[in-house]
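> Next come a sequence and a model predicted from it.
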Amino acid sequence: MDLHLKSLFGRFQEQFGSGPGLGPGSGTCLMKVDGVTPNFIKSIYKAAAALYRTDPWKRLRPGHLFGIRVGKDSDWAGKKMPFPCSQFIGGDGGDIAFYMFRSENDAKKMTGSRETVHVPNVELLRVTYEVERLMFPSHRKMIKTLSLEASGTDRFPVIDVARCISSGDLRFRNPTFEELKYVYAFMKAISMVHPLLQIDQESGPKYSIMAHFEPFIETVDVQWPLEVTKGGHDLVAVTISHPPGQAYQEKASLSASSTPTKYAEPSREDTSIDKKVYSSAGLRQCAICVKEVHGEQSLCCGGCRALVYCSSICQKQHWKDTHKSMCGHYKAMMEREEELAIKIFKFPCSADQPCKWLESLGIHHKGMWRRKCNCYSHSPFGLLPVKGGLQELWGGLDDFEYPHDSPFNNHFASSLFLLSGWSEYYNYRSLPLSSPVADILSHPLTVYHILTTLNISSKNLILKGKEVIIHYLGPEGELDWMPAFAEVGHLLNGLGNVQIVMVGPEVPADLSGTTSGIGSRVRVNLIRGAYEVEATYLPSPHVVIALNCGLESYSSWSGALDLIKSMGVPAFFTDQSEITCENAKQVLRNAGLNITHPVTPNPFRSPVKKHGSSSNLPSYSNGFVFGVNA
């Protein structure tokens with residue numbers, strides 16, 4: 001009877017106590033790791049807590065394997081990555097953890113249909129989030145002594161390396177200092193990139209309960225803690241891929257919401273530049289000599305079709321100088337054109353000639369739309385003559401075609417709107433998809449997307465009913481689109497307030513120092529001048545935002561970036577195309593800023609495609625978003 005109960009209890013504990021994992025953590029202790037310092041242990045626990053807050057277990061299951069590369073192979077003992085494959089355990093019950101394996105093959109051998117399979121002679125690193133009261137005394141003592149950060153309310157990570165012996169039992173050891181560095185880098189990187197995974201609706205078993213994601217690869221910079229750099233590089237590039245083994249190569253299957261990817265340069269013959277491909281109509285500008293030329297007479301690169309030239313002479317010169325090495329990269333960006341187009345709308349979404357586009361919609365020279373072409377460039381930003389009410393500001397659109405200055409009609413009392421894109425917003429606002437208001441609303445809804453989706457600290461303040469202070473840098477056209485920013489307040493849905501301090505040289509002197517209430521929950525202050533000069537007199541921000549920033553185009557950004565670095569405040573930027581974002585990232589790195597939110601398509605980019613004078617690359621107002629210090 002006793003043996004029967006023991007067996008029954010053992011099976012019960014196996015099925016319901018440990019879930020799909022290997023069971024509770026061991027008695028290992030990070031304080032016993034050679035070379036580790038208390039400060040590095042604090043950094044590890046802080047990174048583990050940050051990862052826990054992103055809740056990867058909400059979507060990820062053991063069958064979702066991730067490839068990992070941290071720096072170069074030569075950076076690690078044995079000239080190879082210690083644990084280049086990982087999975088998340090506990091999303092469907094049991095211990096909350098993630099496991100890291102020596103190879104993808106090891107991961108597959110240990111991943112059973114319901115439980116983790118004990119495979120002899122396979123070693124893996126585990127990070128198990130345990131309830132504090134169930135931990136070994138050595139762990140509790142370390143947590144109390146070092147005042148380590150908790151993950152959630154009462155959980156702390158336990159890190160060990162497990163190995164199954166031939167008898168089926170498990171043996172545990174402490175991770176090495178090098179292995180701790182590796183897992184630290186992984187935790188920092190995966191917390192940034194796993195929310196970017198996009199569900200692939202067309203793959204996997206039809207009735208599978210496990211989500212299937214589109215192939216994914218992203219490289220982010222992770223900043224090492226000061227205590228482990230020892231005079232070396234403070235940044236390391238971490239690449240996360242799903243499934244493992246993904247490589248940077250040309251793909252045409254990426255969705256519009258997937259992360260921009262770096263691509264391998266295709267092999268090409270020099271003779272390909274002789275292929276004549278003519279540009280689109282309209283006035284264009286040569287990418288080399290800046291000469292203006294009519295579209296019918298201009299040429300495009302025959303390989304990527306991205307850049308415009310006035311003649312084959314300029315085209316061949318550019319190929320010889322720099323374009324040969326970049327053509328494949330541009331081609332990959334061009335292949336995203338179809339995926340980046342937002343196809344739900346029923347109005348023309350291409351504005352190669354803005355005036356004609358506005359005329360086709362009947363809104364040229366009207367209301368806030370006057371800033372969408374150059375006809376009113378003589379009037380300073382923020383000083384367009386205003387007459388009439390909200391309908392006139394929206395260009396005389398029909399009453400049901402623009403958002404009214406009123407709360408949303410919904411049944412979600414005191415809950416935050418977390419919008420996934422334009423379709424959801426238009427549905428909430430009962431707007432017809434023939435309404436072009438998304439082109440202007442891209443600015444306020446991008447701000448809202450940053451506050452509630454990309455920046456955890458501002459979202460938490462809003463959920464607590466508190467005020468979020470934004471330093472909004474370089475405003476231009478938005479100075480004439482203030483009525484549209486009322487939507488930010490309505491989307492708060494009764495939670496919190498937002499103070500937007502707009503600072504920049506384009507703020508008119510007549511408006512500098514003024515404060516306006518945009519609805520009941522949004523207050524806008526206008527300040528003329530350079531941010532690094534004026535910031536001393538401003539309330540401290542919770543987040544800094546710069547839309548369509550053009551970092552590569554203006555040397556005046558250097559002072560503002562130095563200030564953002566010294567403050568350490570989360571800052572988010574948007575730009576119009578992938579190439580401008582890549583150049584902006586280099587500007588940020590040169591300023592000593594670490595890219596913590598990778599370049600991703602902005603779900604609230606304008607759906608209206610912009611046409612560059614010398615480039616055919618997909619370009620949209622607020623097309624892509626990226627961030628630092630987040």
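Right, received. Where do you want to start?
> tell me the pLDDT at Thr514?
If you check Thr514, the pLDDT there is 93.
> List the residues that contact the closest residue in space to it that isn't next to it in sequence.
Leaving aside its chain neighbours, Thr514 sits nearest to Leu526 (5.4 Å; criterion: CB to CB, 6 or more residues apart in numbering). (C-beta placed from N, C-alpha, C; glycine too.) By CB atoms under 8 Å, 6 or more residues apart in numbering, Leu526 lies in contact with Gly382, Pro475, Leu479, Met502, Val507, Leu511, Ser512, Gly513, Thr514, Thr515, Ser516.
> Could you point out which of those is nearest to Arg133?
Looking at the contacts of Leu526 and their distance to Arg133, the nearest is Met502, at 49.9 Å (CB to CB).
> check which helix or strand covers the closest one.
In the assignment (DSSP states H and E), Met502 maps to strand 497-504.
> so what strands line up beside that strand?
Sheet partners assigned to strand 497-504 using DSSP bridges are listed as strand 467-473 (parallel), strand 522-528 (parallel).
> Save those as TSV, and put in mean pLDDT and distance to Val127 too.
TSV is the format used below for the strands paired with strand 497-504 (pLDDT from 0 to 100; distance: least, CB to CB, whole Å):
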stretch	mean pLDDT	distance to Val127
strand 467-473	97	32
strand 522-528	96	41
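> just to revisit the earlier point, can you give me the offset of the strand holding Met502 from its chain's centre?
22 Å (CA atoms, centre = their mean, to the nearest Å).
> Name the spans of the stretch 301-450 of the chain whose pLDDT lies under the cut-off.
Counting by pLDDT under 70, the ranges of the stretch 301-450 of the chain that qualify are 409-414.
> For it, which segments count as helices?
Along the stretch 301-450 of the chain, counting by DSSP state H, counting those that start in this stretch, helices occupy 312-318, 324-334, 337-340, 354-361, 390-393, 422-429, 438-449.
> just these: most buried one?
Neighbour counts (mean count of other CB atoms under 10 Å) averaged over each of the helices of the stretch 301-450 of the chain peak at helix 438-449, with a mean of 25.
> who touches it?
Counting by CB under 8 Å, 6+ apart, 345, 368-369, 372, 403, 419, 422, 425-426, 470, 472, 477-478, 481, 484-488, 491, 500, 545, 547, 574, 602-608, 621-622, 625 sit against helix 438-449.
> that older thread, I'd like to know which of the contacts of Leu526 are buried.
Buried members of the contacts of Leu526, scored by 16 or more other CB atoms under 10 Å, are Gly382, Pro475, Leu479, Met502, Val507, Leu511, Ser512.
> follow-up on the earlier one: what would the strands paired with strand 497-504 look like in CSV with distance to Pro225?
Converted to CSV, the strands paired with strand 497-504 look like this (distance: least, CB to CB, whole Å):
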stretch, distance to Pro225
strand 467-473, 27
strand 522-528, 36
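> So which of the ones you listed is nearest Ile288?
When the strands paired with strand 497-504 are compared by CB to CB, strand 467-473 sits nearest Ile288, at 32.0 Å.
> quick one: which of the contacts of Leu526 sit in strands?
Met502, Thr515, Ser516 (DSSP state E).
> The last one contacts Pro483, correct?
No: with the criterion set as CB atoms under 8 Å, Ser516 and Pro483 do not qualify as a contacting pair; they are 10.3 Å apart.
> re earlier: go through the strands paired with strand 497-504 and pick out the most buried.
strand 467-473 (a mean of 22).
> Which residues does that strand contact?
So strand 467-473 is contacted by 447, 451, 458, 461-462, 496-504, 531, 535, 538-547, 549, 560, 569 (CB under 8 Å, 6+ apart).
> The very next helix or strand once past it packs against which elements?
As assigned by DSSP H and E, the chain's next helix or strand after strand 467-473 is helix 486-492. Secondary-structure packing of helix 486-492 (3 or more CB pairs under 8 Å, 6 or more residues apart in numbering; DSSP states H and E): helix 438-449, strand 497-504, strand 515-518, strand 522-528.
> Tell me how confident the model is about helix 486-492, as a mean pLDDT.
92.
> Dump the C-alpha coordinates for that helix into CSV.
Provided in CSV are the C-alpha atoms of helix 486-492 (Å, rounded to 0.1, in the frame of the first residue of the first chain):
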residue,chain,number,x,y,z
ALA,A,486,-7.0,65.0,-29.3
GLU,A,487,-7.2,61.3,-30.3
VAL,A,488,-4.4,60.5,-27.9
GLY,A,489,-6.6,61.7,-25.0
HIS,A,490,-9.6,59.8,-26.2
LEU,A,491,-7.6,56.6,-26.5
LEU,A,492,-6.5,56.9,-22.9
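> For Arg523, which non-adjacent residue is spatially closest?
Take Arg523 and drop its neighbours on the chain: the residue closest to it by CB to CB, 6+ apart is Gln499, 4.9 Å away.
> try Pro407
His490 (5.6 Å).
> What ranges in this structure fall below the confidence cut-off?
1-20, 24-25, 201-209, 230-233, 246-282, 295, 409-414.
> hmm, back to that, the residue nearest to Thr514 bridge partners, please.
Beta-bridge partners of Leu526, as defined by DSSP bridges: Met502.
> Next, work out how far apart it and Ser435 are.
28 Å (CB to CB, to the nearest Å).
> What residues of the strand or helix carrying Ile44 count as buried?
Ile44 is located in helix 38-53, with elements delineated by DSSP H and E. By 16+ other CB under 10 Å, the buried positions in helix 38-53 come out as 40-52.
> residue contacts, Gly517?
Arg523.
> And the strands in the stretch 151-300 of the chain?
155-164, 170-173, 216-223, 235-242, 277-278, 283-285, 292-294, 299-300 (DSSP state E, counting those that start in this stretch).
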